[in-house]
Structures are given as structure tokens and as C-alpha cells.
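S.K.: Okay, sequence plus prediction incoming.
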Amino acid sequence: MDRAEHLKLLQESAAEIQRLQDELQQIRDQEAELQEQRVAKLGKLKKARDTRHRRMTAAIDDSVPKAQVARASDMDRTNLYKLLSDYKLSDDDDEASTTSE
């Protein structure tokens, strides 16, 4: 193999590496964009869940049976009880942290 052939093979390798690096950068850019979308969607999901919780507790406070609240919320009644107790616990934790400050 002469010098020109070696140089040609080296240039082909360099071009292939550059192409792969460019493709990887495009993938990283796509991942970053998707991560931004994911974070935004998670924020919206949290707000939607908080709204659902406020509506469920308001309905329960207005004497709507929990079984009907669960059905209307498209969840199992057991999950409703767990959700209500989890929110109660987190509210208690929030109150404890604000009173200790």
C-alpha cells in the first residue's frame, strides 16, 4: 500500500468518525428537547392531579359518597382512600415544616 492509499483510508476514517459524532450530537439535541417536554408534562400532570384532589375533597365535603367520587374519577375506591390519606399526610408534613420555621 502506498502513501496515497494510506492517506485516503485515513481520510475515510476521519469522515466516518465525524459523521457518527454529528449523528450522536443530533441524538443528544433530541434527548434534551424531549427532556424539556417531559419536565413540562410532569408539571402539568402534577397540577391536574392537584386539581382532581381538590375537586374530590370538595365533593366529599359536600356529602357525595366516596364510591361515586371514585367512579367519577375513574379510580378504584381503595385507591381513592389511599390518595386521600397520602395527601393528608403530605399536608400534615407541610404544616409541620411551616410551623417549625
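M.R.: That came through, no problem.
S.K.: And the residue nearest the centre of the chain, which helix or strand is it part of?
M.R.: Central residue of the chain (Cα atoms, centre = their mean): Leu42, 3.9 Å from the mean position. Using DSSP states H and E, Leu42 maps to helix 3-61.
S.K.: Next up, the contacts around Ala59.
M.R.: Taking Cβ atoms under 8 Å, 6 or more residues apart in numbering, we find Ala59 in contact with Val69, Ala72. C-beta here means a position set from N, CA and C on the backbone, and glycine is covered the same way.
S.K.: From Gln68, how far off is it?
M.R.: Look at Ala59 and Gln68: by Cβ to Cβ, to the nearest Å, they are 8 Å apart.
S.K.: So in this structure, where's the weakest helix or strand by average pLDDT?
M.R.: Lowest by mean pLDDT, DSSP states H and E among the helices and strands of the chain is helix 77-99, with a mean of 72.
S.K.: Low-confidence ranges, the chain, go.
M.R.: 89-101 (pLDDT under 70).
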